[in-house]
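*Asks:* Sequence and predicted model, in that order:
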Amino acid sequence: MIATDGGLVGEGHHSAFRQPHAEANALSEAGERARGATLVVTLEPCNHHGNTPPCTEAIVAAGVSKVIVGAGDPDERVRGRGIERLRQSGIEVVVIDPPMEWLDPAYFHHRRTGRPLVILKLAATLDGQTSAADGTSQWITAEEARTDAHRLRAEADAIVIGAGTLRADDPRLDVRIEGYTGHQPRPVVIAGRRPLPPSARALHRNGLVLGTGESPVDLDGALMEMSEEGLLSILVEGGPTLAASFLAADLVDQGVLYLAGKLAGGVGRPLFDRPWPSLESARQVTIDRVTTLGPDLRIDFTPI
Ligand SMILES: NC(=O)c1ccc[n+]([C@@H]2O[C@H](COP(=O)([O-])OP(=O)(O)OC[C@H]3O[C@@H](n4cnc5c(N)ncnc54)[C@H](OP(=O)(O)O)[C@@H]3O)[C@@H](O)[C@H]2O)c1
């Protein structure tokens, strides 16, 4: 945002990978009114030629007199140099403390670890069954939990499923909330040895298929390919074979488990399809939050 004493003169956001940064959009809206104004940005302005020209030069040229920065950029091409460049030009720079990284956790995670932020979403009956013996799993939870899960989708750059789920459910993997017109995540399918149905709905929404022919696909490598596509926040939606692989490869950063107020009362499919050899091999997690959603529960956890 760009503001003067008279109020807001420009607003902008970064709409997509390789598109102009928020600063460039806000400055172009403000035009001459940016002279002497205050610019408020969530992230330190870039000072290098990447996919777009450096924002610092545009800010200096526009005559902005003060910049309020939500968080410094850990990207090694920036790391304080954007702020330094602005200060060198006589612009007053205020950096918020503590940094507001919660505004875009996937970006900061990616810049620090080199990997996208992976959230594993699971849904099961109260007794831990994720689908019935006949393979049906739609829908285990009730309306409230399903709407909540669609909100999770809306925050993700990509929804990842395994080939088994694509074949069994033909999911659309889009955000379906009444009145929602925002961003749609990109469907990603971890393929395997067996062919994928060409008519699958997710594949017709710019679906990204990773690893045709090899099985199991190297998930670390698949995440790298996703980040090269600009996909930094990844929601893994299963099924149990893929979920087990992500957990075993230690690639789960956060988890969201929806537990339905329902007892399967028998054996269908577990949440993770892999043997559990001993009690010691169980994975410790921190339970961050438990929320009631209508008849169901949402449990947020972080693997330790
Ligand atoms: N309740 C829920 O939250 C939920 C969510 C999703 C799905 N489901 C249910 O889960 C069932 C499907 O699950 P699923 O376990 O059969 O399939 P899946 O986990 O969706 O996909 C597994 C397949 O992905 C391919 N693959 C490639 N690399 C892999 C890797 N590193 N790790 C794991 N898989 C890899 C393999 O395909 P190839 O066999 O071709 O080699 C493998 O068989 C369906 O019944 C669906 O309804 C439930």
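*Replies:* Structure received.

*Asks:* tell me the strands in the stretch 51-200 of the chain, going along the chain?
*Replies:* Counting by DSSP state E, counting those that start in this stretch, the stretch 51-200 of the chain forms strands over residues 66-69, 92-95, 117-125, 158-162, 186-190, given from the N-terminal end onward.

*Asks:* Quickly check: the last one near the ligand or not.
*Replies:* Yes: residues of strand 186-190 contacting the ligand under CB under 6 Å from any ligand atom: residue 190. All C-beta spots, glycine's among them, are computed from the backbone N, C-alpha and C.

*Asks:* Adjacent strands (with direction) for that strand?
*Replies:* Strand 186-190 has the following sheet partners, assigned by DSSP bridges: strand 158-162 (parallel), strand 208-210 (parallel).

*Asks:* Throw these into CSV and include mean neighbour count and mean pLDDT, thanks.
*Replies:* CSV is the format used below for the strands paired with strand 186-190 (neighbours: other CB atoms under 10 Å; pLDDT from 0 to 100):
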stretch, mean neighbour count, mean pLDDT
strand 158-162, 26, 98
strand 208-210, 18, 96
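
*Asks:* okay if I get the strands of the stretch 51-200 of the chain as a markdown table plus distance to residue 81?
*Replies:* As requested, those are arranged in a markdown table below (distance: least, CB to CB, whole Å):
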| stretch | distance to residue 81 |
| --- | --- |
| strand 66-69 | 13 |
| strand 92-95 | 12 |
| strand 117-125 | 25 |
| strand 158-162 | 30 |
| strand 186-190 | 31 |
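
*Asks:* quick one, which of those is nearest to residue 145?
*Replies:* strand 117-125 (7.3 Å; CB to CB).

*Asks:* by contact count, what packs against the closest one?
*Replies:* The criterion is 3 or more CB pairs under 8 Å, 6 or more residues apart in numbering; DSSP states H and E, and the helices and strands that strand 117-125 contacts are helix 105-113, helix 143-155, strand 233-236, helix 240-248, strand 254-260.

*Asks:* Minimum distance to residue 135: which of the strands of the stretch 51-200 of the chain has it?
*Replies:* Proximity to residue 135 (CB to CB) singles out strand 158-162 among those, at 13.5 Å.

*Asks:* what residues are up against the residue nearest in space to the middle of the chain?
*Replies:* With the centre of the chain defined as its mean C-alpha position, the nearest residue by CA atoms, centre = their mean is residue 233, 2.1 Å away. Residues in contact with residue 233, defined by CB atoms under 8 Å, 6 or more residues apart in numbering, are 105-106, 116-117, 119, 155-158.

*Asks:* Contact residues of the stretch 201-304 of the chain facing the ligand?
*Replies:* By the criterion of CB under 6 Å from any ligand atom, the positions of the stretch 201-304 of the chain lying close to the ligand are 211, 215-217, 219, 237-242, 245, 269, 273.

*Asks:* at 8 Å instead, please
*Replies:* By CB under 8 Å from any ligand atom, the part of the stretch 201-304 of the chain that sits against the ligand consists of 211, 214-219, 222, 237-246, 249, 258, 269, 271, 273.

*Asks:* just the buried members of the residues you listed?
*Replies:* 211, 217, 219, 222, 237-246, 258, 269, 271, 273 (16 or more other CB atoms under 10 Å).

*Asks:* Isn't residue 69 up against residue 95?
*Replies:* Yes: shown here, residue 69 and residue 95 form a contact pair, counting by CB atoms under 8 Å, at 4.8 Å.

*Asks:* Have a look at these two and say which one is more surrounded.
*Replies:* In terms of neighbours (other CB atoms under 10 Å), residue 69 is the more surrounded of residue 69 and residue 95; the figures are 22 against 14.

*Asks:* how close does the more buried one sit to residue 113?
*Replies:* Residue 69 sits 22 Å away from residue 113 when distances are taken as CB to CB, to the nearest Å.

*Asks:* Kindly report the same for residue 291.
*Replies:* 27 Å.

*Asks:* do residue 303 as well
*Replies:* 14 Å.

*Asks:* quick one, which of those two is more surrounded?
*Replies:* Looking at residue 303 and residue 113 with other CB under 10 Å, you find the greater number of neighbours at residue 303, namely 15 against 10.

*Asks:* Hmm, that one is touching residue 247, no?
*Replies:* Yes: with contact defined as CB under 8 Å, residue 303 counts as touching residue 247 (7.3 Å).

*Asks:* Find the residues that touch each one of those two.
*Replies:* Shared contacts of residue 303 and residue 247, defined by CB under 8 Å, 6+ apart, comprise residue 283.

*Asks:* Just put the contacts of residue 233 in CSV and tack on distance to the ligand.
*Replies:* Putting these into CSV (distance: CB to the nearest ligand atom, whole Å) gives the following:
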residue, distance to the ligand
105, 23
106, 22
116, 16
117, 19
119, 13
155, 18
156, 15
157, 19
158, 15
